[in-house]
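In: Need a 3D model of the following:
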Amino acid sequence: MALPTHILLVYGYLLLFVWVLVEQLGAPLPAIPVLLAAGALSAQHELSILVALAAGVVASLIADTAWFLIGRRFGHHVLRILCKLSLEPTVCVRQTQNSFAERRAFTLVIAKFVPGLATLAPPVAGENGMSISSFLLYDGIGSFLWVGGMLAGGRLFGDALKRDPTLLNWVGRFSGALLVLGILAFFIGRLYRRQLFLRKLVDARLEPEELKRQLDAGEPVFIVDLRHPLELVPDPYTLPGALHVSPEALAERVQEIPRDREIVLYCTCPNEATAAKTALTLHKLGFERVRPLRGGFDEWKRLGYPLDAVPPVQPLVQVAVTPK
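Out: Just a heads-up that it's a prediction; the model follows:
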């Protein structure tokens with residue numbers, strides 16, 4: 001037999017426990033193939049489905065409780081780190097907080113079934129002051145449903161193997177390849193959703209003429225200048241009312257950006273690449289209305305639209321003093 005059934009037969013419940021624990025701690029190592037394989041082996045009486053269920057639920061609870069306590073202790077700081085590491089742009093801090101505010105306990109019950117939510121829900125629950133007893137209750141229910149559902153699916157497949165034993169040879173021959181394909185599909189799916197968002201972002205680019213019309217009409221638009229400070233040395237101007245911040249410092253200054261307005265980002269790089277990447281970061285942090293400015297600063301200036309002067313940026317120059 002190939003992976004994962006062979007390793008499960010050798011290491012049994014310990015492998016199941018460690019695999020689920022590592023995945024729930026945030027590692028991009030999907031545990032579903034292992035749970036399905038464990039369920040299939042239970043039909044062959046190689047593993048006990050009840051012991052496998054207990055191992056998976058306990059591992060999930062340990063990981064989730066760790067994130068819950070970290071969220072309670074460090075709050076939004078750890079959530080920002082998780083968003084930076086996340087490959088899932090559609091479910092992140094603000095979306096998770098909104099879901100928790102609306103559903104609370106139900107969010108923990110369904111979190112395992114929503115990509116990107118499983119790791120974020122426990123620290124959000126801790127940050128929002130949920131009691132540890134309530135957390136363990138509802139997270140335990142969610143873990144039970146998730147682990148139990150995967151094991152049940154594997155058990156059904158195992159029962160099919162019992163009715164047609166020739167399928168076992170096929171599974172043993174190809175299960176390793178299926179596991180690899182499952183992991184690849186996991187990453188490809190996440191990267192596809194990321195690229196899909198970036199394509200939508202390109203389509204949502206704001207034309208300079210439209211931004212000028214919004215400013216003239218007094219609409220509440222918040223503009224962010226993402227240019228490097230050295231780019232301001234020869235051309236010390238920004239768009240009207242723009243906040244100048246480097247992409248690297250965005251996480252530290254995100255509180256300065258309002259969430260109730262449309263956010264317009266601009267830079268001077270080709271195809272607004274920096275603006276697009278920063279828009280992705282803001283989207284992960286829960287900002288829904290983010291649009292890059294087509295053509296950036298150069299196009300706005302070329303059209304002759306108004307600019308605000310900023311104090312000239314003086315580059316640091318070390319002057320060597322020769323002692324007399």
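In: ok, now how distant is Arg261 from Gln214?
Out: Arg261 sits at a distance of 11 Å from Gln214 (criterion: C-beta to C-beta, to the nearest Å). In short, each C-beta sits where N, CA and C put it, glycine included.
In: Any regions of the stretch 51-200 of the chain where pLDDT drops low?
Out: 75-104, 115-116, 158-183, 186, 189-190, 193-194, 196-200 (pLDDT under 70).
In: same thing but at 90, please
Out: For the stretch 51-200 of the chain, the stretches flagged by pLDDT under 90 are 52, 67, 70-131, 151, 153-200.
In: what's the domain layout of this structure?
Out: In terms of domains, the chain is parsed into 5-200, 204-309 (source: automatic domain parsing).
In: so Tyr237 makes contact with Tyr305?
Out: No - shown here, Tyr237 and Tyr305 do not form a contact pair, counting by C-beta atoms under 8 Å, at 10.8 Å.
In: picking that back up, reformat the domains of the chain into JSON lines and put mean neighbour count next to each item.
Out: Listed next are the domains of the chain as JSON lines, based on neighbours: other C-beta atoms under 10 Å:
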{"stretch": "domain 5-200", "mean neighbour count": "18"}
{"stretch": "domain 204-309", "mean neighbour count": "17"}
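In: quick one: contacts for Ile62?
Out: Residues touching Ile62, when contacts are defined by C-beta atoms under 8 Å, 6 or more residues apart in numbering, comprise Leu21.
In: what's the answer for the one 10 residues further on, then?
Out: Residues in contact with Arg72, defined by C-beta under 8 Å, 6+ apart, are Gly126, Glu127, Gly129.
In: Please tell me how far the second one sits from Arg73.
Out: It refers to Glu127. Taking C-beta to C-beta as the criterion, Glu127 is separated from Arg73 by 9 Å.
In: Doesn't Leu41 belong to a helix?
Out: Yes - going by DSSP: H, G, I helix; E, B strand; the rest coil, the assignment for Leu41 places it inside a helix.
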